[in-house]
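> sharing a model that was predicted from the sequence below.
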Amino acid sequence: MDHYVTGAAIKTLREKQRMTQADLAARLCVSDKAVSKWETGRGFPDISLLEPLAEALRVSVPELLSGKAITNTNRASNLLRGKLFICPVCGNVIFAKGDAMISCCGITLPALEAEEPDEEHPVRVEKVEDEFYISSSHEMTKDHFISFFAYVTGDRFEMKALYPEGNPEARFFIRGSGWLYYACNRHGLFKMKLGR
């Protein structure tokens, strides 16, 4: 059985803070024998101690549970590796630059896998001067519609929200090659290459 926090993680994080087992025990109002048991795997902290333990070790609860330090640094990234999440309850669309744990309306959302367009979800792309004009013949009823078009390049994410009974069309200023994403409320996420 996997335990919610490992003794090795507690020990590593405690030593990183230059605390003895007695120091950590005093902060948590437990005995140093309890901390020793946690670190050797002969016992585990009560769930009610997770937040105080994380605070004493100067990490977040997810860091404590994973045993890995998470540093909040601004990492350069390519938006083309981004992930899209769509809430099935409210329709909220969330774009993350990489892997993320996203929840909305009380539901943890999985990152969506985009498919190649099929004959039921055709999209036309025309270059009109310095813009991509995107349109579709997909029905736009309250029960079956395209909810958005998004144009993603290495450094930009642009989205046009669409609504039932509206026209499924959008214009995006051409910013080089990238991907067009669009979502059907019944059939999921689709993507196609834009540009060169």
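Noted; the coordinates are in hand.
> care to break this protein down by domain?
Listed domain ranges for the chain are 7-66, 79-194 (source: automatic domain parsing).
> poorly predicted segments of the chain, please.
1-4, 67-77, 196 (pLDDT under 70).
> show me the strands in it, by range?
Using DSSP state E, the strands of the chain run over residues 83-86, 93-96, 102-104, 107-109, 124-128, 131-135, 146-152, 157-161, 169-173, 178-184, 188-194.
> closest to G41 out of those strands?
Distance to G41, taken as CB to CB, is lowest for strand 107-109 among those, at 28.8 Å. Just so you know, the C-beta spots here come from the backbone N, C-alpha and C atoms, and that holds for glycine as well.
> which residue is nearest the centroid of this structure?
In the chain, the centroid-proximal residue (CA atoms, centre = their mean) is A100; its distance is 2.7 Å.
> count the neighbours of the closest residue to F132 other than its chain neighbours for me.
Nearest residue to F132, sequence neighbours excluded (CB to CB, 6 or more residues apart in numbering): F172, at 4.9 Å. Neighbour count of F172, defined by other CB atoms under 10 Å: 21.
> show me what contacts F172?
Applying CB atoms under 8 Å, 6 or more residues apart in numbering, we find F172 in contact with E131, F132, I134, F149, Y151, E158, K160.
> the fifth one bridge partners, please.
Meaning Y151. Taking DSSP bridges as the rule, Y151 bridges to E158, L180.
> got it, and the second one?
In this entry, F132 is beta-bridged to K127, F172, by DSSP bridges.
> any idea how far it lies from L80?
16 Å (CB to CB, to the nearest Å).
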